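Engineer: Need coordinates for the below:
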Amino acid sequence: MLKRLASRSCFLLLICCSFAASAAEKRILVYGDSLSAGFGIAVSQSWPALLGQRLQANGSGFVVTNASISGETTAGGRTRFAAALAQFKPAVVILALGANDGLRGLPVAAMKDNLGFMAALARKQGARVLLVGMRLPPNYGPQYTQEFDAAFRDVAKRQKVALLPFLLEPIALDQNAYQADGLHPTAAAQPKILDHVWSALKPLLN
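Structural biologist: Take a look at the predicted model:
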């Protein structure tokens with residue numbers, strides 16, 4: 001999460017992938033950071049890839065494009081978001097940025113503005129949005145952590161989009177669910193994350 005492991009051009013080749021796409025299918029755009037990009041594991045093991053497999057298996061008519069970049073902040077995501085919408089024309093956007101803003105102690109107000117901009121732009125172009133939040137460890141101080149946590153709720157309420165408050169909630173207290181860095185989930189943890197995301201995503205697919 002703290003480091004970019006690949007250039008953006010390399011990302012386009014390795015991370016930004018669609019699963020079983022066809023012109024007649026509706027697209028879900030996963031737009032996040034390393035927690036969604038499959039950092040430290042095979043991309044095929046990441047929860048967005050597993051989501052694509054689930055959707056294909058149940059004949060939903062949806063496909064998944066994972067446009068997540070390791071190390072991405074909301075500011076970085078904002079700069080390329082319009083182009084991503086134009087390229088992929090998603091029916092649903094899973095907006096899962098903000099973790100790196102928090103880990104770097106960036107201003108919460110700027111993060112809220114960036115997330116709000118992206119949510120509003122996606123809705124303007126006809127996409128349904130699932131905003132995926134994060135939480136910080138207590139060593140960032142009570143004021144910052146509380147403001148950070150509330151930011152996702154505030155954006156979701158203001159932009160009238162669906163909210164999953166904490167991406168890693170099902171594994172938050174399980175140390176064995178994380179890689180050696182203590183930040184990124186293991187491959188074995190990805191199905192639990194998928195099930196958690198699915199609970200909030202499923203209503204948007206109807």
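Engineer: From here on, just use CA atoms for contacts and neighbour counts.
Structural biologist: Noted.
Engineer: any low-confidence regions in this structure?
Structural biologist: 1-24 (pLDDT under 70).
Engineer: quick one: the helices in it?
Structural biologist: Assigned by DSSP state H, the chain shows helices spanning 8-14, 34-37, 47-57, 74-88, 99-103, 108-124, 142-159, 190-201.
Engineer: can you give me how far the second one is from the chain middle?
Structural biologist: Once both centres are worked out by C-alpha atoms, centre = their mean, to the nearest Å, helix 34-37 turns out to sit 7 Å from its chain's centre.
Engineer: Against which helices or strands is that helix packed?
Structural biologist: On a contact count with 3 or more C-alpha pairs under 8 Å, 6 or more residues apart in numbering; DSSP states H and E, helix 34-37 meets helix 47-57.
Engineer: about what we covered before: how about the helices of the chain, which one is nearest G182?
Structural biologist: helix 34-37 (12.1 Å; C-alpha to C-alpha).
Engineer: one step back: need the winner for burial among the helices of the chain.
Structural biologist: For these, the largest average neighbour count (mean count of other C-alpha atoms under 10 Å) is found in helix 34-37, namely a mean of 26.
Engineer: hmm, back to that, export the helices of the chain to CSV and append columns for distance to H184.
Structural biologist: Below are the helices of the chain laid out as CSV (distance: least, C-alpha to C-alpha, whole Å):
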stretch, distance to H184
helix 8-14, 18
helix 34-37, 6
helix 47-57, 12
helix 74-88, 18
helix 99-103, 11
helix 108-124, 21
helix 142-159, 19
helix 190-201, 10
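Engineer: Right, I'll leave it there.
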